[in-house]
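*Asks:* test case, fold it:
(2 chains)
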Amino acid sequence: MARAPGRLLGLAVEVGTTAAVIGLIWLLTADSHSPFIPSLPTIVSTFRRVWLFQRFTSDVVPSVERLAIGFLVAVAVGVPLGLMIGMSKWMRMLTRPVATFMRSLPPPLMVPVAISLFQIGLVMKVFSIAFVCIWPIALNTEDGYAGLNPTVLETAHAYGLGFWKRLFKVVLPAISPRIFTGLRISIAFAVLLLVLAEQLGSSNGIGWFVLYSQQGYDVPGMWAGILMLALLGIGANALLSLAERRVLRWHFNLRGIDV
Amino acid sequence: MSQRATPGVAGGTSGLALEVKALGKTFVGRERSSVAIGEVGFGVADREFVTVVGPSGCGKTTLLKCIAGLMAPSMGETSFGGVRVSGPVSDMALVFQDYSRSLFPWLTVRKNVLLPLQGGTRSDRDQTVRESLEAVGLTRFIDHYPSQLSGGMQQRVAIARALAVRPRMLLMDEPFASVDAQTRADLEDLVLRIHHEYEVTMLLVTHDIDESVYMSDRVIILTTSPAYVQEVLPIELPRPRAQDVTKATPQFARLRTHVYRAITQAHGDTRRSTAASEPKPAELPTEPNSAFLV
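*Replies:* Below is the predicted model of the structure:
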């Protein structure tokens, strides 16, 4: 109870700052005559016209789909890859040079490669997203495994737990905080790669729409697209936080946050 | 290291639950190797309570890990029920010192105890979990997470988990080292009761001299690192034992003094008699391998 006023104050500051920034933009752009900086109400009404619901199914849905599949493929490959590298010295020696090379490639580089490999389509976008997102996930998983307290593994060993039980009941939960660190880094990359892939090789999607609007001198449309992308990023992060809070409830309890 | 008592296997040849035969462990490093256990041998009879006592850093935990099959010895071997130990044995359950790592914080008390159980129906396993928690008096906390329990309670859950696999032998590595004195006494009595009621063979490793005398039928005193058996001391205190009664007897005082002297002697008489009964690591002669041993 003693903390409640503090928390309320924090919330008030957050809401207040946000409102102030929006208000400032509103005021500064209210009587803007520049075609490149439309007023806030213009952007909002464009946003409503474009996304509710004229272009929702044609552009938002494909973008969300690409983002989700790309990210999930990265998780499905990254976590097992990280575990294998972490568990086996041989795997580590075999993969380290390749992994280091792949990781140091600038992320946008892979989009043209993906286009030439897979032609324009879903696979190329999923590949572009997944290829970049795999590394933060795999490396954090590997690091998490390396940092496991030996007693944790010894306990599993001493009690004769089989491979799968050890993996799913002990190892994965134990390193899940680290895996989530990797996921949070990756989700930001995923949105970045989605936009790039859509701008370089797509005829729909939010990223494509931003570029298309800009090239067609539809500046309010461009801004509406940027706003939509921001919302997509926020939504993806929120979903991830929600999953994290569910999966890592024990972890937060351990750190003294209320049950 | 002035004394290297030949490891004699105590007890008869029959009825030995555990036999440690000339076990040694050397950690081989790139720069240098370090000998953790010189040569240790002893036997534990069926249902006997044996405690291994020695100064901190003498290689007790390493010894226990070798016995439990978690670590391969460099020489010698352990046999359990006449069979050579080459990996963890389902009839032996291990209680670790560090319960905060050994109990999994992402599982409730119930699921922690349930984890190693296999075979039987779901309700059989649930029943086993319940009974084991009853034995340590924690049924009320079955759906709590370890982080919601005190240290002593967490160690009781760890003991319940060990009991749940219905072992013939319990191995305990300094199980009471990280709890307060009162809790420690309670846990000691709990373990004595379990030893009696479950008819399990016990091997306890500790650096606490009073504890070694209070709990055991026999105390095995190790030298400083690298470990050798310095002495095997039978404890003929009557059972059941009680903290207030047993520890007040002259016999107890005599035995604890004996163990204390044996351990200080193992240090080469470098310490004065006013020193605490528990040697602090800083007072140990520094050896290159001491960092390896806990």
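
*Asks:* you'd agree B:L204 is in a strand?
*Replies:* Yes: the assignment for B:L204 (DSSP: H, G, I helix; E, B strand; the rest coil) places it in a strand.

*Asks:* touching, it and B:T51? I think so.
*Replies:* Yes: using CB atoms under 8 Å, B:L204 is in contact with B:T51, at 4.6 Å. To be clear about C-beta, it is placed using only N, CA and C from the backbone, and glycine gets the same treatment.

*Asks:* where do the contact lists of the two overlap?
*Replies:* Both B:L204 and B:T51 are contacted by B:E211, B:S212, B:M215, B:S216, under the criterion CB atoms under 8 Å, 6 or more residues apart in numbering or on different chains.

*Asks:* can you tell me the helix or strand for the residue nearest the centre of chain A?
*Replies:* The geometric centre of chain A, computed from its C-alpha atoms, lies nearest to A:I187 (CA atoms, centre = their mean), at 1.3 Å. Using DSSP states H and E, A:I187 maps to helix A:172-200.

*Asks:* inside strands: which ones of the shared contacts of B:L204 and B:T51?
*Replies:* Under the assignment DSSP state E, those contribute nothing to strands.

*Asks:* can you redo the residues you listed as a markdown table with distance to A:L109 and pLDDT?
*Replies:* Shown next, in a markdown table, are these (distance: CB to CB, whole Å; pLDDT from 0 to 100):
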| residue | distance to A:L109 | pLDDT |
| --- | --- | --- |
| B:E211 | 64 | 95 |
| B:S212 | 65 | 95 |
| B:M215 | 66 | 96 |
| B:S216 | 68 | 96 |
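
*Asks:* helix/strand/coil for B:G41?
*Replies:* B:G41 - assigned by three-state DSSP - is strand.

*Asks:* correct me if wrong: it contacts B:L23.
*Replies:* Yes: with contact defined as CB under 8 Å, B:G41 reaches B:L23; the gap is 6.7 Å.

*Asks:* give me the common contacts of those two.
*Replies:* B:G76.

*Asks:* ok, the two, which is more surrounded?
*Replies:* B:L23 (23 against 20; other CB atoms under 10 Å in any protein chain shown).

*Asks:* wasn't the more buried one part of a strand?
*Replies:* Yes: secondary structure of B:L23 (three-state DSSP): part of a strand.

*Asks:* partners of it in the sheet?
*Replies:* Taking DSSP bridges, one obtains B:V40 as the residues bridged to B:L23.

*Asks:* I'd assumed B:L16 was in contact with B:G43.
*Replies:* Yes: here B:G43 reaches B:L16: they are 4.7 Å apart, a contact under CB under 8 Å.

*Asks:* quick revisit: possible to save the shared contacts of B:L204 and B:T51 as JSON lines with neighbour count and distance to A:R103?
*Replies:* As requested, those are arranged in JSON lines below (neighbours: other CB atoms under 10 Å in any protein chain shown; distance: CB to CB, whole Å):
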{"residue": "B:E211", "neighbour count": "24", "distance to A:R103": "52"}
{"residue": "B:S212", "neighbour count": "27", "distance to A:R103": "54"}
{"residue": "B:M215", "neighbour count": "24", "distance to A:R103": "54"}
{"residue": "B:S216", "neighbour count": "27", "distance to A:R103": "56"}
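
*Asks:* quick one: which of those residues sit in helices?
*Replies:* Applying DSSP state H to these, the entries found in helices are B:E211, B:S212, B:M215.

*Asks:* how about these in TSV, adding distance to chain A?
*Replies:* As requested, those are exported to TSV (distance: CB to the nearest CB, whole Å):
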residue	distance to chain A
B:E211	21
B:S212	23
B:M215	21
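
*Asks:* per-residue confidence at the spatially most central residue of chain B?
*Replies:* In chain B, the C-alpha nearest the mean C-alpha coordinate belongs to B:L204, at 2.4 Å (CA atoms, centre = their mean). For B:L204, the pLDDT comes out at 96.

*Asks:* average model confidence for stretch B:163-182?
*Replies:* Rounded mean pLDDT across stretch B:163-182 is 92.

*Asks:* tell me the buried residues in it?
*Replies:* B:163-165, B:167-179 (16 or more other CB atoms under 10 Å in any protein chain shown).

*Asks:* chain A: which of these is nearest?
*Replies:* B:V165 (7.0 Å; CB to the nearest CB).

*Asks:* which stretch of helix or strand covers residue 130?
*Replies:* This is for chain A. If you go by DSSP H and E, A:A130 is part of helix A:122-146.

*Asks:* look at chain B instead
*Replies:* Per DSSP H and E: helix B:122-135 holds B:R130.

*Asks:* elements contacting the helix holding A:A130?
*Replies:* In terms of contacts (3 or more CB pairs under 8 Å, 6 or more residues apart in numbering or on different chains; DSSP states H and E), helix A:122-146 is packed against helix A:61-87, helix A:89-104, helix A:110-118, helix A:172-200.

*Asks:* of these, flag the one that's most buried.
*Replies:* Highest mean neighbour count of the helices and strands packed on helix A:122-146: helix A:172-200, a mean of 22 (counted as mean count of other CB atoms under 10 Å in any protein chain shown).

*Asks:* on that earlier part again, restrict the buried residues of stretch B:163-182 to contacts with chain A.
*Replies:* Restricting those to those within reach of chain A (CB under 8 Å from any CB of the partner chain) leaves B:V165.

*Asks:* before we move on, back to that, okay if I get the ones in helices among the shared contacts of B:L204 and B:T51 as TSV plus distance to A:H33?
*Replies:* Below are those laid out as TSV (distance: CB to CB, whole Å):
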residue	distance to A:H33
B:E211	86
B:S212	90
B:M215	89
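
*Asks:* close to chain B: what parts of the stretch 1-150 of chain A are there?
*Replies:* A:N149.

*Asks:* in the stretch 1-150 of chain A, where is pLDDT below threshold?
*Replies:* Applying pLDDT under 70 to the stretch 1-150 of chain A flags the ranges A:1-5.
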